[in-house]
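Student: No letters, just coordinates:
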């Protein structure tokens with residue numbers, strides 16, 4: 001019997017991982033996604049992420065030395081930001097087992113594994129938190145809710161943003177770690193999970209750190225209000241101290257990434273943008289802080305003198321009014337203007353239904369992707385109206401939920417969570433926290449109270465509430481232009497509400513009735529995914545494979561061992577990492593501000609654009625030479641002075657042109673010519689003279705591992721410096737004949753050395769991200785402190 005119970009228990013763990021994956025695969029088959037010729041690559045995944053996977057694949061297979069520095073991020077940039085944002089998930093190592101032609105399949109497998117882990121870790125969180133190992137029915141219910149979490153609106157809509165899914169699947173275990181701190185069961189799990197969240201994607205990790213603090217406050221207040229009144233205050237002080245201490249240690253242990261990252265972000269066109277700080281209004285700060293303080297005021301020691309207690313309650317009432325007034329005023333203010341925010345508020349009831357699927361709006365501020373399954377939404381109403389639930393507990397839970405909704409509702413608070421910089425699309429990148437919290441509430445509600453003694457009147461009341469929501473949804477649908485949800489899906493959603501209410505109504509008649517909810521849930525979630533996935537366009541496998549094959553053919557034709565740039569003006573430019581082409585054309589969030597300003601002056605970017613660098617076929621050949629461009633690949637004939645046709649494909653639509661006036665990436669020139677600041681304006685006469693003087697130079701650059709390069713340069717005159725067509729960065733180290741030389745900015749953007757003596761010189765230059773070494777030292781120090789503290793705490797417990 002025990003063996004059978006053990007087998008069933010393990011099967012449920014497997015099911016929590018497998019069911020989300022199976023649902024996703026089956027829905028994909030129905031939609032034709034991931035099978036046949038249609039890959040899972042959509043939106044930025046087809047234009048950005050797969051190219052970065054090609055870059056990672058080339059590094060892991062030893063085909064590229066651009067670990068720390070890349071010439072393919074605009075004219076060149078530190079790779080740390082690109083790596084930290086897109087590629088540091090350990091699951092990305094799966095790409096090693098695929099060739100470059102099969103990387104879309106690797107991308108799909110990583111997606112599926114991450115979604116499956118979200119279901120598994122949510123299930124583990126619930127099992128650990130509520131200790132129901134021996135109760136099969138409750139474990140089946142946890143299987144339902146974990147599937148709801150794994151396939152919620154966030155995961156389905158942002159599935160292509162694969163780098164955000166690590167924090168999503170790790171968050172339940174992180175929350176479990178916070179619970180363990182509050183319950184004096186150690187902080188190891190919290191330390192490692194927060195560290196993982198930061199290192200796998202620092203951007204979402206930053207959001208997770210914020211919500212981990214709010215979640216700690218929530219758990220702490222719940223323990224203080226519901227715990228043993230005889231627990232000494234010093235115990236609560238120790239819990240708070242442990243949380244703060246291990247949070248600092250976890251952030252400190254990630255300094256190997258954060259320290260060089262902060263430096264790079266200070267130069268990024270996206271980082272350090274606090275342009276809306278002044279708009280983070282006092283009202284919004286009150287909305288965020290006061291409810292937390294108000295919750296904390298519930299912690300009142302019953303041994304306090306009656307007069308003090310009365311005074312304390314008076315403070316509670318004052319603070320309550322202080323918290324409510326700004327909230328009501330903010331809502332009135334918004335409703336008075338009847339702007340887009342009100343329309344978005346009205347649209348939220350619709351977002352709880354299945355099939356939210358407008359491609360244009362799903363990535364805008366209007367749609368928050370709140371879908372978490374119909375059943376959790378039904379049970380949340382049960383929880384709110386069930387009189388068996390302790391009022392203080394219910395107030396704390398719902399108040400915290402309101403805090404999360406306030407952050408979601410008000411633009412400035414939401415902006416603060418995103419680092420005070422409005423994201424370029426997908427502006428609710430933390431909404432999975434709301435899904436997690438709602439599922440946690442209903443799971444605890446089910447464990448503590450169950451449904452066996454639930455008043456049947458609640459079914460009727462809940463049905464009435466959903467009928468009202470249904471009527472309001474239909475009204476909103478007709479009066480406002482909200483194309484993200486079809487009317488049929490509203491009706492289907494209401495049918496599922498009725499089904500779940502029937503299941504709950506007959507729960508006492510048949511024991512298997514709750515298990516049947518699993519089948520209903522799978523159908524519901526699959527319909528939701530179908531409604532979401534069918535509206536996107538996906539990259540065909542054949543198009544991707546043909547693009548890689550064509551680029552390899554072009555690389556074989558060029559076959560130039562030197563270090564240079566190649567411009568690709570055909571639809572293959574988004575796969576430039578497939579072959580060793582260093583292109584100016586680039587699209588990512590890793591662009592530096594200097595790069596974008598400089599390239600705008602050169603005519604390769606739009607003013608104030610922080611994402612795109614495009615090929616400029618109208619630029620003079622001298623400008624191309626000044627940017628290190630030696631070849632141009634185009635799908636049409638190029639009528640451009642200074643370029644000669646190198647190759648014309650007979651069976652494909654592309655031409656290869658060579659810049660006859662190209663200059664090497666490193667050359668000697670007079671020290672004074674680089675004094676002008678080309679970020680302010682370009683002197684084309686100087687550029688033309690410079691190109692004319694060095695068009696015949698042949699300074700071949702050889703590559704070594706880890707962003708390490710060598711060349712031999714002949715300097716004929718005194719007062720010459722070595723000029724590099726590489727953006728200046730303090731991470732570069734230049735050695736001339738084995739001796740380190742100082743570097744400085746040239747033309748306000750490139751870099752040059754101090755003056756060198758005439759003659760032939762061996763030049764070595766290598767790149768190490770600034771503060772990487774210092775960050776590594778700090779990380780090691782914090783890890784050692786963590787290990788010592790951990791050992792001390794273990795001995796203290798023994």
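Tutor: Received it, and whenever you're ready, just let me know what you need. Not measured: the values here are computed from a predicted model.

Student: Verify the contact between residue 28 and residue 40 for me.
Tutor: Yes: in terms of Cβ atoms under 8 Å, residue 28 counts as a neighbour of residue 40; the distance is 7.4 Å. In short, each C-beta sits where N, CA and C put it, glycine included.

Student: Quickly list what's touching both of these two.
Tutor: Residues touching both residue 28 and residue 40 by Cβ atoms under 8 Å, 6 or more residues apart in numbering: residue 34.

Student: ok, residue 215 - contacts?
Tutor: Taking Cβ under 8 Å, 6+ apart, we find residue 215 in contact with 175, 178.

Student: about what we covered before: between residue 28 and residue 40, who's got more neighbours?
Tutor: residue 40 (25 against 20; other Cβ atoms under 10 Å).

Student: Now do the SS call for that one.
Tutor: Put simply, residue 40 is strand when judged by DSSP: H, G, I helix; E, B strand; the rest coil.

Student: can you pull the contacts of residue 149?
Tutor: Counting by Cβ under 8 Å, 6+ apart, the residues that residue 149 touches are 118, 119, 122, 172, 372, 432, 435, 436, 439.

Student: which one of the residues you listed is nearest residue 561?
Tutor: When these are compared for distance to residue 561 (Cβ to Cβ), residue 118 wins out at 46.1 Å.

Student: can you tell me which residue is nearest the centre of the chain?
Tutor: Residue closest to the average C-alpha location in the chain (Cα atoms, centre = their mean): residue 164, at 3.4 Å.

Student: From residue 402, how far off is that residue?
Tutor: 25 Å (Cβ to Cβ, to the nearest Å).

Student: Read off the pLDDT value for residue 787.
Tutor: What the model reports for residue 787 is a pLDDT of 90.

Student: Burial check on it, number of neighbours?
Tutor: 11.

Student: what are the phi and psi angles of it?
Tutor: Residue 787 adopts backbone torsions of phi -60, psi -40, taken as degrees, to the nearest 10.

Student: From residue 780, how far out is it?
Tutor: From residue 787 to residue 780 the distance is 11 Å (Cβ to Cβ).

Student: what do you get for residue 48?
Tutor: 33 Å.

Student: Between the two, which is the more surrounded one?
Tutor: Taking other Cβ under 10 Å, residue 48 and residue 780 do not tie; residue 48 has more neighbours (20 against 13).

Student: Surely the more buried one forms part of a helix?
Tutor: Yes: judged by three-state DSSP, residue 48 forms part of a helix.

Student: And the pLDDT for it?
Tutor: 80.

Student: Please tell me how far the residue nearest to the centre of the chain sits from residue 687.
Tutor: Counting by Cβ to Cβ, the gap from residue 164 to residue 687 is 42 Å.

Student: Now do the domain split for the protein, please.
Tutor: 2-36+79-533, 560-659, 666-767 (automatic domain parsing).

Student: which residues does residue 667 bridge with?
Tutor: residue 723 (DSSP bridges).

Student: List the buried residues in stretch 669-678.
Tutor: 669, 671, 673, 674, 678 (16 or more other Cβ atoms under 10 Å).

Student: And stretch 635-649, what's buried?
Tutor: 640, 642, 643, 647.

Student: Pretty sure the third one sits against residue 659.
Tutor: Yes: the pair formed by residue 643 and residue 659 meets the contact definition of Cβ under 8 Å, at 5.7 Å.

Student: between these two, what contacts are shared?
Tutor: With Cβ under 8 Å, 6+ apart, residue 643 and residue 659 have common neighbours 621, 632.

Student: Which one of the buried residues of stretch 669-678 is nearest to residue 773?
Tutor: For the buried residues of stretch 669-678, the nearest to residue 773 is residue 674 (28.9 Å; Cβ to Cβ).

Student: Who's the closest spatial neighbour of the closest one, skipping the chain neighbours?
Tutor: residue 746 (3.2 Å; Cβ to Cβ, 6 or more residues apart in numbering).

Student: What is the burial count for the one you found?
Tutor: Neighbours of residue 746 under the rule other Cβ under 10 Å: 24.

Student: residues in contact with it?
Tutor: Contacts of residue 746 by Cβ under 8 Å, 6+ apart are 674, 721, 723, 724, 728, 752.

Student: does the closest residue to the fifth one other than its chain neighbours have beta-bridge partners, and which?
Tutor: Okay, so that is residue 728. Spatial nearest neighbour of residue 728, chain neighbours left out: residue 751 (4.0 Å); criterion: Cβ to Cβ, 6+ apart. Beta bridges link residue 751 to residue 724, residue 745 when assigned by DSSP bridges.
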